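>>> only geometry, no sequence info:
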Ligand SMILES: O=P(O)(O)OC[C@H]1O[C@@H](O)[C@H](O)[C@@H](O)[C@@H]1O
């Protein structure tokens, strides 16, 4: 595995460049088996492509480029707050910050072999400390395996002398053929908070979640895998989580899409957010302690 860019070996390559705003663009490629590629912009994953350039993540054609805001699409880190559940800006501040590439990352047992990976580091700035007065280190490992599996591991350490609490999500926009045709499995019988019904608690009754109107829910407290089945694209995306008991499912549907400036009016049909998250019970970290949230995304062909 190569961190400096360009050269390749059996396992993969990592290319690091800077755009005109000085923000790091990282491309991970893995050449074993089917060739796959992941690109990151700052702390946000923007693209995950398989052979034949099949894109698995959605990015809006109307996305605004603003170095201080996540682009509409890809996978954004929501930390230390999810959505508007707190006094901070929407989804917290992590994605909007300048992340530092760790050229000498400490070993991460179980995730070092045969993968192209990069470790990014985020520490609070003086301004961040004014709005959220807690010293933390957020280390994000993004890795791509030879079989195309994309793994994101966030380790958050409390480097302060006081405990702090936070919420966390990998806010993931999947690219789908048609929202009316896809189904989500793995949420059966779970309780969920419905953001469209005053955050009331309901229990999922169906065998699978299908879509015919706006959905904005936080499914609670499960370790089961979740699957997004897309018959037309002949693929199923499998979502595995560790340390992330909750799953957010969001699609804005027609009316809300029209009120979102950086989303095309019809684009809601081709995106679905399914986020691995820790929201229902915020995580509390004592001084010196570390929390890990691991998301693993893989694709299984279907007929
Ligand atoms: O506009 P963003 O940051 O991508 O968030 C979109 C939506 O994401 C969902 O996950 C939230 O539950 C919604 O409340 C939110 O509106």
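Here it is on my side, so go on. As the structure is a computational prediction, the values presented were derived from the model and not from experiment.
>>> Can you give the strand pairings for the lengthiest strand in the chain, parallel or anti for each?
Assignment by DSSP state E gives strand 271-285 as the longest strand of the chain. When sheet partners are counted by DSSP bridges, strand 271-285 sits next to strand 164-175 (antiparallel), strand 246-251 (antiparallel).
>>> would you list those strands in a markdown table and tack on mean pLDDT?
Shown next, in a markdown table, are the strands paired with strand 271-285 (pLDDT from 0 to 100):
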| stretch | mean pLDDT |
| --- | --- |
| strand 164-175 | 98 |
| strand 246-251 | 98 |
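>>> out of those strands, nearest to the ligand?
strand 246-251 (3.7 Å; CB to the nearest ligand atom). For the C-beta atoms, the positions are set from N, CA and C on the backbone; glycine is no exception.
>>> if we can go back for a sec, please point out which parts of the longest strand of the chain sit buried.
By neighbour count with 16 or more other CB atoms under 10 Å, strand 271-285 contains the buried residues 271-280, 282-283, 285.
>>> What of stretch 223-243?
Across stretch 223-243, burial judged by 16+ other CB under 10 Å covers 226-230, 233, 235-237, 239-241, 243.
>>> Now the terminal residues of that stretch, how far apart.
Distance across stretch 223-243, first residue to last, is 8 Å (CA to CA, to the nearest Å).
>>> quick check: mean pLDDT across that stretch?
For stretch 223-243, the mean per-residue pLDDT is 97.
>>> neighbouring contacts of that stretch?
56, 174, 176-178, 181-187, 208, 245, 247, 272, 274, 276, 278, 291-303 (CB atoms under 8 Å, 6 or more residues apart in numbering).
>>> As JSON lines, the strands paired with strand 271-285 with distance to residue 66 and mean neighbour count would be great.
Shown next, in JSON lines, are the strands paired with strand 271-285 (distance: least, CB to CB, whole Å; neighbours: other CB atoms under 10 Å):
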{"stretch": "strand 164-175", "distance to residue 66": "16", "mean neighbour count": "23"}
{"stretch": "strand 246-251", "distance to residue 66": "21", "mean neighbour count": "23"}
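>>> Mind putting these into TSV with distance to residue 192?
Output for these, formatted as TSV (distance: least, CB to CB, whole Å):
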stretch	distance to residue 192
strand 164-175	15
strand 246-251	8
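>>> Reformat these as CSV; add distance to the ligand.
CSV is the format used below for the strands paired with strand 271-285 (distance: least, CB to the nearest ligand atom, whole Å):
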stretch, distance to the ligand
strand 164-175, 6
strand 246-251, 4
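>>> In contact with the residue of the stretch 1-150 of the chain at minimum distance from the ligand, which residues are there?
Nearest residue of the stretch 1-150 of the chain to the ligand: residue 83, at 4.6 Å (CB to the nearest ligand atom). By CB under 8 Å, 6+ apart, the residues touching residue 83 are 90-91, 195.
>>> Are any of those buried, and if so which?
91, 195.
>>> Just the ones in helices from the contacts of residue 83, please.
When the contacts of residue 83 are checked against helices using DSSP state H, none is located there.
>>> returning to what we had before: and of the buried residues of stretch 223-243, the nearest to residue 124?
Closest approach to residue 124 among the buried residues of stretch 223-243 (CB to CB): residue 243, at 21.2 Å.
>>> ok, and does the longest strand of the chain reach over to the ligand?
Yes - Strand 271-285 lies within reach of the ligand by CB under 6 Å from any ligand atom, at 273, 275.
>>> could you give the mean pLDDT of that strand?
Mean per-residue pLDDT for strand 271-285: 98.
>>> next helix or strand past it?
Next along the chain after strand 271-285, taking DSSP states H and E as the criterion, comes strand 290-301.
>>> Might you report the residue contacts of the spatially closest residue to residue 184 that is not a sequence neighbour?
Distances taken as CB to CB, 6 or more residues apart in numbering place residue 209 nearest to residue 184, at 4.2 Å, with adjacent residues excluded. Counting by CB under 8 Å, 6+ apart, residue 209 touches 183-185, 187, 215, 249.
>>> quick one: the closest residue to residue 123 other than its chain neighbours from residue 218, how far?
Once flanking residues are discounted, residue 123 sits nearest to residue 137: 5.6 Å by CB to CB, 6+ apart. Note on residue 137: its distance to residue 218, by CB to CB, to the nearest Å, is 27 Å.
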